[in-house]
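# Sequence and predicted structure are below.
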Amino acid sequence: MNPPFPSSIFSINKLEEAEKAAIYGTLIPDWVYDQYGIDRETLTVEGKRVVRFRCPAGSRALEISVWRRAGERDPMLYFNMVDTFNFQLLVLLVVINDPDAPRFNTDRDEDGNETQLGTIARNVHAEERAMKAGLAPGQVRPGLRVFRQSVPVFEQFVANMGHDMFLIEPLAYHNAIVFERYGFSYVRGLREMQQINQEFQPGGELHAQLTPDNPFRQPDAWLTTRGRSWAIHDGILGHPFTGFQMYKRIGIHAGVSTFPDGKW
């Protein structure tokens, strides 16, 4: 039996705009429409478009942005996915923002330049405020705590394309731990994650670099996922957190845990 959708982003992007919107619209969970009053047919609120699909013909990429209201600065949902060269599905970025929560300008340095989630520059003062407010590296607002509800929606989309798995790249340590909890395993990086956990234990090299003199490397940071992630974002590894890739098989929990019993 053929799947209801084409098997690649590249193939979907060749379709007419209405067909693309109908397919990609299934990636937006019901709670987005219901909670924020977005019209499912017109993708508008108060007559103004609040959903944008960026999926030009000839491209292997898809971007979805969903705002609570037209004109707001940050989308409450942003999603970026591509085909790999062997037509596997790779999620590059998922952002879910609480539009009612305070904003922290960690995405801009003190001169107003983009930080690319803190990877090319940092706004240390904004980051410290964000950290104290409970955010993780790369966040400008708290999330909506809906990742659990969103995973089945995406798995159904992947199944509708005829795939039994998809790939994702965690941009920070806490992302990788969260993905583990929802059933992902590693294509690349499992050994490194296990080593990070080991070195954060008392007596380890990373634990030895924790100090009360640095707000991002407090002595108890090793006890929590968020604490470790901020220390890693601050450079405690001696190199950026890159090169990690994970996968999720549809309907299967891999059972991987590189930070057993770790709290958020």
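The structure has been received and is ready for your questions.

# residues of the strand or helix carrying residue 191 that come out buried?
Using DSSP states H and E, residue 191 sits in helix 190-200. Buried residues in helix 190-200, counted by 16 or more other CB atoms under 10 Å: 190, 192, 193, 196, 197, 199, 200. Every residue, glycine included, has its C-beta placed from N, CA and C.

# Between those, which sits nearest residue 35?
residue 193 (34.1 Å; CB to CB).

# Now do the contacts for that closest one.
By CB atoms under 8 Å, 6 or more residues apart in numbering, residue 193 lies in contact with 176, 186, 244, 258, 259.

# and the residues you listed as a markdown table, adding distance to residue 142?
Listed next are the contacts of residue 193 as a markdown table, based on distance: CB to CB, whole Å:
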| residue | distance to residue 142 |
| --- | --- |
| 176 | 20 |
| 186 | 27 |
| 244 | 24 |
| 258 | 25 |
| 259 | 21 |
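
# which element follows the helix holding residue 191 toward the C-terminus?
Counting by DSSP H and E, the next helix or strand C-terminal to helix 190-200 is helix 225-233.

# Okay, angle between that following helix and helix 190-200 too, please.
100 degrees (axes from the mean of the first three to the mean of the last three CA atoms, to 10 degrees).

# Residues contacting helix 225-233, please?
So helix 225-233 is contacted by 118, 127, 131, 134, 136-138, 172-174, 177-178, 196, 200, 206, 209-210, 216-218, 220-222, 241, 259, 262-264 (CB under 8 Å, 6+ apart).

# how far out from the middle of the chain is whichever helix or strand comes after it?
Where DSSP H and E defines the elements, the next helix or strand beyond helix 225-233 is strand 245-249. Centroid separation for strand 245-249 versus its chain: 13 Å, with CA atoms, centre = their mean, to the nearest Å.

# Adjacent strands (with direction) for strand 245-249?
Strand 245-249 has its sheet partners listed here by DSSP bridges as strand 165-168 (antiparallel), strand 185-188 (antiparallel).

# before we move on, the earlier item: pipe the contacts of residue 193 into JSON lines and attach pLDDT per row.
Formatted as JSON lines, the contacts of residue 193 follow (pLDDT from 0 to 100):
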{"residue": "176", "pLDDT": "98"}
{"residue": "186", "pLDDT": "98"}
{"residue": "244", "pLDDT": "97"}
{"residue": "258", "pLDDT": "98"}
{"residue": "259", "pLDDT": "98"}
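
# Most neighbours among the residues you listed, which one?
residue 176 (28 neighbours; other CB atoms under 10 Å).

# Name the nearest residue to residue 74, ignoring sequence neighbours.
Nearest non-adjacent residue to residue 74, counting by CB to CB, 6 or more residues apart in numbering: residue 97, 5.3 Å away.

# Contact partners for the one you found?
Applying CB under 8 Å, 6+ apart to residue 97 gives the contacts 74, 75, 76, 77, 140, 141, 142, 143, 144.

# Next, residue 117: secondary structure please.
Local secondary structure at residue 117 is given as coil here, using DSSP: H, G, I helix; E, B strand; the rest coil.

# For residue 167, see how far away it is.
19 Å (CB to CB, to the nearest Å).

# Just the pLDDT for residue 196.
Looking at residue 196, its pLDDT stands at 98.

# So it versus residue 237, what's the distance?
7 Å.

# Need the overlap of contacts for the two.
residue 206.

# if we can go back for a sec, and the residue nearest to residue 74, backbone torsions?
The phi/psi pair for residue 97 (degrees, to the nearest 10) reads phi -110, psi 140.
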